[in-house]
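>>> Fold the following for me, if possible:
(one chain, ligands or ions: 1)
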Amino acid sequence: MMSSPHLPLDTVDRTLPLPSHHKTLALRYLTLRLIVSLLVLTVALIIPPAAILTHLRQLSGQILRYRPFSFYSSTRAASEMPSPFASELQVAQLAVQRASILTKRVFHEKAKGTVDKNDKSPVTIGDFGAQALIIAALQHNFPADEIVAEEEAAQLREDPTLRNTIWQLVKDTKLEDASAEKLLGGSIADSDSMLELIDLGNSKGGANGRIWTIDPIDGTKGFLRGGQYAVCLGLMVDGHVKVGVLGCPNLPADDATRLTADIGTNQTDEGRGVLFSAVHSEGATSRPLTAGALAEPAKPISMRPLHDLAKATFCESVEAGHSAHDDQAAISQKLGITEPSVRMDSQAKYGSIARGAGDIYLRLPVKATYEEKIWDHAAGDLIVREAGGQVTDIYGKRLDFAVGRTLANNKGVVAAPAAVHRKVLDVVQEVLKITPSS
Ligand SMILES: Nc1ncnc2c1ncn2[C@@H]1O[C@H](COP(=O)(O)O)[C@@H](OP(=O)(O)O)[C@H]1O
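As a prediction, this is how the structure comes out:
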């Protein structure tokens, strides 16, 4: 009987002898299968199945995370799934890095040695310049996203001299790494485009969609005196902060440096500059804010475990008009803290407690009507929470970034390691005479 390709398999006569070259092929095939089976058995005996799975996950993660940039360095362990915000984090870090370079130039060229501390023009130049550079990077990479930023360009449209001064700085400020600069979209086309970019920061904020929030120079007084200030950028998705980046050019680069009063007043840049970052559910990191964009690897940071509240270092604003120093001193005393508070400007306070250089940050309201701005807190709130801290207002409510440009639903800020936050909050409420119903 002839076998036919159209016949069902079980109708083929298997008793027919095979041609000799078919026999050789069959033999080779069986030998190969035997070798493969032996190999699989050996591998299975030596390496436990879980390890094989982990290896496969690592391999797929590495392939998915591959970026053709030499400076790219993720802080997530290779065994984890790829971050859903990897490119947002990378762009945010580079944008803050580039804007920080501009602010440092402004300080050295326009502010250092300023005799009249009431002359706010260096702040204005730095604020507008840094905002333009950050928005240019966001607009290039995420053109559909909204932006809530502190500044608007109306003042520059009326002042051509100021506008030109800022434009000269903006067009000349670049990252050293050409591929990183390219990722951010390179230079802004002209000064008109710069003004348009600045005005893109006019979103009303809210609970829907992707909204970036920018404070180009937080801590303007600190910036002017060569002390602490921060370049701040956060991404909110549906009202929740997902990515936070803080460039702190005047903080010591070394995470282990304990806080002392406003470290770094008018010193050189040597050994200073930190870039703090956090992604929701992925932890917080720091790396030196060096000129080589993201050249240094990011290190995970965490708050210091506090076994004895009396040994805590607590920090607060330098400005008595921004937080109630007297109430904060009373709370510190009730907690048994003997060391004086560390006063520093800007969200550098959030970064400092997140890396364990300090422990508690209190910002108790001075004016009942003041509403904190979301750009003054978004990045810092996430960085502290991702480093093992808790951040609430004086009523114990999480900061609510979903209600517009201000934290209209909150009053004040209480940030502390999660394990002791409740105890700190109890004392805050005792001193402020807040009852659970108030
Ligand atoms: N009455 C007030 N209470 C709380 N914060 C205030 C305030 N008046 C201004 N601020 C904010 O405090 C920020 C500085 O915070 P800090 O005191 O921690 O350094 C300022 O940001 P800018 O410096 O960007 O203007 C400003 O937005």
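>>> How many residues are close by the closest residue to the ligand within the stretch 201-350 of the chain?
The ligand sits closest to residue 317 of the stretch 201-350 of the chain, with a gap of 3.1 Å, by C-beta to the nearest ligand atom. Just so you know, the C-beta spots here come from the backbone N, C-alpha and C atoms, and that holds for glycine as well. The number of residues packed near residue 317 is 24, by other C-beta atoms under 10 Å.
>>> where does it land on pLDDT?
Model confidence at residue 317, given as pLDDT, is 97.
>>> how much space between the residue nearest to it when sequence neighbours are not counted and residue 412?
Among residues not flanking residue 317 along the chain, residue 323 sits closest, at 4.7 Å (C-beta to C-beta, 6 or more residues apart in numbering). Distance check for residue 323 against residue 412: by C-beta to C-beta, to the nearest Å, it reads 8 Å.
>>> Setting aside sequence neighbours, what's the nearest residue to residue 253?
residue 288 (4.3 Å).
>>> To clarify, my last question referred to residue 350.
Nearest to residue 350 is residue 380, by C-beta to C-beta, 6+ apart, at 2.8 Å.
>>> rewinding a little: find residues that contact each of residue 323 and residue 412.
362-365 (C-beta atoms under 8 Å, 6 or more residues apart in numbering).
>>> Quick check: which ranges of the stretch 301-438 of the chain have low pLDDT?
436-438 (pLDDT under 70).
>>> where do the helices sit along it?
For the stretch 301-438 of the chain, the helices defined by DSSP state H, counting those that start in this stretch occupy 325-334, 348-354, 378-386, 418-431.
>>> C-alpha coordinates for the shortest one, PDB please?
Pointing back at helix 348-354 there. Once non-C-alpha atoms are left out, helix 348-354 reads as follows in PDB (Å, rounded to 0.1, in the frame of the first residue of the first chain):
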ATOM      1  CA  ALA A 348      16.400  70.300  50.500                       C
ATOM      2  CA  LYS A 349      14.800  69.500  53.900                       C
ATOM      3  CA  TYR A 350      12.700  66.700  52.400                       C
ATOM      4  CA  GLY A 351      15.800  65.300  50.700                       C
ATOM      5  CA  SER A 352      17.900  65.600  53.800                       C
ATOM      6  CA  ILE A 353      15.600  63.600  56.000                       C
ATOM      7  CA  ALA A 354      15.000  61.100  53.300                       C
END
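>>> For that helix, which outside residues touch it?
Contacts for helix 348-354 (C-beta under 8 Å, 6+ apart): 219, 222, 228-230, 246, 248, 250-251, 259, 274, 276, 278, 284, 286, 301-303, 315-317, 344, 358-361, 377, 379-381, 383-384, 386-387, 389, 415-416.
>>> The longest one now?
Surrounding helix 418-431, the residues in contact under the criterion C-beta under 8 Å, 6+ apart are 303, 305-306, 309, 312, 327, 330-331, 334-335, 360, 362, 364, 388-390, 392, 394-396, 414-416, 434-435.
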